[in-house]
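Q: give me a 3D structure for the following:
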Amino acid sequence: MKRTAITNTVTYIEPDSMSNFKSCAGVVVSGSARIFLDVNMSKADTLTLLRSEPPDMAFISHYHLDHVIWGKLVLEHTDAELFIPEGEEAYLGSLDELVQKTAGSYGLIPEWTDFIANVIGFQGLSGFSTYMPEDRVSAGHDTIQCIPSPGHSPSHTSFYFPEEKILFTGDMGIDRFGPWYGWADCDLRELVASALRLRALDVSVLLTSHGGILTSDIEKAWDNGLRKIIEREQHIEDRLHKGKTRAEIIEQGIFFRNKSEVMEPMRSFLYMWDSYMLDQHMTVLKEGGLRQFFPEFKTVIYTEKRK
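A: Prediction:
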């Protein structure tokens, strides 16, 4: 677990590993109240942190597994109030609900259930509170604004510190892989709109779930993520024009490459996620493509060299 002081009261915390969808980076605010944002480290590190620096409030940005496992530990080992974004309560109430709302429509219920229960360790949550879009939380000198940034998930939320000009993006794809939208409840157009809104904020320090800290070239980082999306769209459109089938496009990869080389059950999950991501692009392409809705994309040049 790595800690980086951003200000006297704001600390960015990164896990030792983000493999296997078990963890993400998060933020600790130590003001008049101690507030945790997405502090989902390894189980051992999370417990150590909760016991040594017990929070007063803990916020989860969205329901995806690498952001929620720590919620159970908060409820069991602290007196903190746990908050999740309004609209995602049903995902977190039970294992069965989560499975049905994610892999259910793809037909991988047994495999996904076993993976998230026995490998990831998800357990349903109860006794949590919800926060609303644009809610503000005060911790002394620090004010945290909950910025709705849907698309990656229905109620995905980013956290903005207006006085310090710090933005904790959550899972917006500001990393080398780019934005991910691999469930049926993702919304590609909403994701792009959210990224453009966040890009317009006055930000000096960008904290991300999986891409570290940025203090320069922040707009460029947003543009790189958006460019990955438009390149994927163009790649799909090119393949369709060349007569490639849906299966061939998925095999080549939308987000994940070389899927056939991965062992089961992860191989099936990767195909599932790329299938959902293709669906997202196909929906937008049928309506004219991303440039139809976002004039900003008309200046994005397609540079990817995929054969």
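
Q: spatially nearest residue to Gly124 (excluding sequence neighbours)?
A: Nearest residue to Gly124 in three dimensions, chain neighbours excluded: Ser94, at 4.1 Å (C-beta to C-beta, 6 or more residues apart in numbering). Where you see a C-beta, it was placed from the backbone N, CA and C, and this is true even at glycine.

Q: could you find the closest non-adjacent residue to Cys146?
A: Per C-beta to C-beta, 6+ apart, closest to Cys146 is Asp135, 4.4 Å.

Q: over to Arg199?
A: Per C-beta to C-beta, 6+ apart, closest to Arg199 is Trp222, 4.1 Å.

Q: got the contact list for the one you found?
A: Ile174, Ala195, Leu196, Leu198, Arg199 (C-beta atoms under 8 Å, 6 or more residues apart in numbering).

Q: if we take those residues, which one ends up nearest to Ile166?
A: Checking these against Ile166 with C-beta to C-beta, the nearest one is Leu198 at 12.4 Å.

Q: give the helix, strand or coil label for that closest one.
A: With DSSP: H, G, I helix; E, B strand; the rest coil as the basis, Leu198 sits in helix.

Q: distance check, it against Ile174.
A: Counting by C-beta to C-beta, to the nearest Å, the separation of Leu198 from Ile174 is 9 Å.

Q: between those two, tell me which one has more neighbours.
A: Counted by other C-beta atoms under 10 Å, Leu198 and Ile174 do not tie: Ile174 has more neighbours, with 26 against 20.

Q: measure stretch 124-137 end to end?
A: 26 Å (C-alpha to C-alpha, to the nearest Å).

Q: what residues sit buried inside it?
A: Of the residues in stretch 124-137, Leu125, Phe128, Tyr131, Asp135, Val137 count as buried by neighbour count, 16 or more other C-beta atoms under 10 Å.

Q: since that was my last question, I'll sign off now.
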